Each structure stands twice: as C-alpha cells, then as structure tokens.
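Undergrad: I'll drop the sequence and a predicted model, then ask my questions.
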Amino acid sequence: MSEAPLMPKATAVWLIDNTALTFDQIADFCVLHPLEVKGIADGDVAGSVRGIDPVTQNQLTREEIEKGEADPNYKLKLLRPKTVVVTKASKKKPKYTPVSKRQNRPDAIAWMVRNHPEVSDAQISKLLGTTKSTIQSIRERTHWNSANLEPRDPVALGLCKQMELDMVVKKAASKRPTTPAPDEASEGPTLRPAEETTAPAEASDTPEQTPAEEVDVSKVFANFSDLGSEKSDG
C-alpha cells in the first residue's frame with residue numbers, strides 16, 4: 001500500500017471538485033477504494049468533510065495534476081516532506097495473550113520462579129502479560145491451583161519468544177549484586193615481609209649449652225672400690 005496524504009478524504013473531496021482526474025487516480029493517490037471515491041462524488045460519503053488543497057499543503061504539484069489529467073493511466077506521486085518530524089514513540093501496549101493460552105500462564109510463571117529466581121516479578125509480569133499478585137501467589141504456593149501446577153517453558157507454550165526470554169534473564173543477571181570480598185582480617189596467614197625473613201638472627205639470651213664433660217673412668221672405679229671397703233669393715 002502506497003503512502004497516503006494527510007487527511008485523504010478531504011484531499012479526495014478537493015481533487016473531485018477541482019480536477020478532471022478519474023476516480024481510480026484519486027483513489028490510488030488518496031489510498032481509498034474507488035467505490036468510496038465515487039460515494040464522495042455522489043455525496044453519500046464524507047458529505048460534511050471540507051476539501052483540502054494538496055498543492056498548498058505541499059503534497060502534490062500542479063504539474064502532477066496536469067500529467068494525470070492528460071493520461072488517465074498516470075499515477076500521481078506524493079511529494080516527500082523536506083523535513084522529517086520525529087514523532088515520540090508511543091508506550092508499548094500491555095502484552096496480549098490469546099484466550100486459548102491463558103490457562104497455561106500459571107505453569108509458565110511456575111517455570112520462571114523455579115528456574116530463574118533472579119528475575120523480578122515486574123519482569124515476569126511484563127514478559128508473560130500477567131499480574132504481580134498472581135506471581136506472588138505462585139511463589140508463596142497460595143495460588144488456588146497450586147497442587148496442579150506443572151512448570152513449563154513459556155517459549156514452548158507460545159507465551160513469549162526465546163529472544164525475549166533471554167533478554168529478560170540477561171538483564172536480571174546483570175543487576176544481581178556481586179559477592180563482597182572478604183575482609184583482610186578474616187583472611188588466612190600471609191607471607192612475612194622480606195625485611196623479617198632476610199634479617200640476621202638476633203643473639204639469644206639463653207646461654208649456649210656446653211658439651212657434657214668427659215667422664216673420668218679412674219674416678220668412677222675409685223668410687224666403687226671405696227664402697228667395697230666400707231662393706232668389708234662393716
């Protein structure tokens with residue numbers, strides 16, 4: 001379908017009243033059905049619509065109109081605007097889930113809760129088109145049908161696309177807080193500084209032990225002889 005001019009019916013009214021173009025040419029230019037253009041000409045359609053000149057609106061040139069009037073098979077060309085107006089993107093509408101698949105939604109929520117606990121309720125709600133209260137009831141096992149829930153992949157159920165699911169999981173994982181590093185005090189023993197290990201050993205205050213004195217064998221046997229003489233005297 002070709003691009004239509006602004007206010008196509010009002011443009012068609014003006015072209016019918018002010019040119020010799022055919023209904024088919026006007027219908028093609030205004031993106032209308034030929035019967036609708038005929039109805040406008042007969043006054044059955046858009047009777048209260050006031051015509052708008054497409055030439056003054058910079059949507060059509062006078063030369064294009066003359067070419068169309070000279071050749072009934074000629075298709076008028078819409079002028080492109082010299083400046084493009086950037087329109088603000090409208091907010092995304094809530095996700096619509098067909099009635100035939102809504103009964104599978106609790107199973108998909110249970111699958112998300114079990115396999116991806118890092119995904120928030122708001123993300124699940126947006127992905128599957130459900131409410132936070134329903135997700136919370138399934139998390140807490142207070143859902144009216146908790147006993148019969150069977151966790152199933154929402155992609156396999158047709159509730160979302162694999163790319164959408166991957167993006168949600170990736171986004172949730174990026175927001176997960178990292179494990180804080182343990183304090184230095186709680187760490188195990190560390191290597192001693194080089195100054196300590198390479199320093200010369202300090203002199204010990206404890207006097208070095210001298211080797212045991214040599215035993216005088218003659219004195220030992222002299223003692224035994226003294227003991228023997230004492231026994232004989234007794």
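TA: Yep, that arrived. In this text, all values refer to a predicted model and were calculated from it rather than measured experimentally.

Undergrad: burial of Asp153, as a residue count?
TA: By the criterion of other CB atoms under 10 Å, Asp153 has 15 neighbours. Heads up, the C-betas are built off the backbone N, CA and C, glycines and all.

Undergrad: Skip the chain neighbours and tell me the closest residue to it.
TA: Leaving aside its chain neighbours, Asp153 sits nearest to Trp111 (5.9 Å; criterion: CB to CB, 6 or more residues apart in numbering).

Undergrad: shouldn't that neighbour be in contact with Val155?
TA: No. Counting by CB atoms under 8 Å, Val155 is not a contact partner of Trp111; they are 9.7 Å apart.

Undergrad: can you pull the pLDDT of the residue nearest to Asp153?
TA: Looking at Trp111, its pLDDT reads 95.

Undergrad: so who does it touch?
TA: Pro151, Arg152, Asp153, Pro154 (CB atoms under 8 Å, 6 or more residues apart in numbering).

Undergrad: if we go to 6 Å?
TA: Trp111 is in contact with Pro151, Arg152, Asp153, counting by CB atoms under 6 Å, 6 or more residues apart in numbering.

Undergrad: circling back: tell me, what's touching Trp111 and Val155 both at once?
TA: Counting by CB under 6 Å, 6+ apart, nothing touches both Trp111 and Val155.

Undergrad: Can you tell me how far the residue nearest to Asp153 is from Lys9?
TA: 50 Å (CB to CB, to the nearest Å).

Undergrad: Also Gln25?
TA: 16 Å.

Undergrad: quick revisit: mind telling me what element the residue nearest to Asp153 is part of?
TA: helix 105-115 (DSSP states H and E).

Undergrad: Could you do Leu165 as well?
TA: Using DSSP H and E, Leu165 falls in helix 162-174.

Undergrad: what does that helix rub up against?
TA: Identification of contacts with helix 162-174 by CB under 6 Å, 6+ apart yields His116, Glu118, Val119, Gln123, Leu127, Val155.

Undergrad: could you flag which of the residues you listed are buried?
TA: The neighbour count (16 or more other CB atoms under 10 Å) marks Val119, Gln123, Leu127, Val155 as buried among these.

Undergrad: Check the secondary structure at the first one for me.
TA: Classification of Val119 into helix, strand or coil gives coil, according to DSSP: H, G, I helix; E, B strand; the rest coil.

Undergrad: What residues does it make contact with?
TA: Each residue near Val119 by CB under 6 Å, 6+ apart is listed here: Val168, Ala172.

Undergrad: Among Gln25 and Lys9, which residue is more densely surrounded?
TA: Gln25 (23 against 17).

Undergrad: List the contacts of that one.
TA: Gly68.

Undergrad: lowest-pLDDT helix or strand in this structure?
TA: Lowest by mean pLDDT, DSSP states H and E among the helices and strands of the chain is helix 217-233, with a mean of 57.
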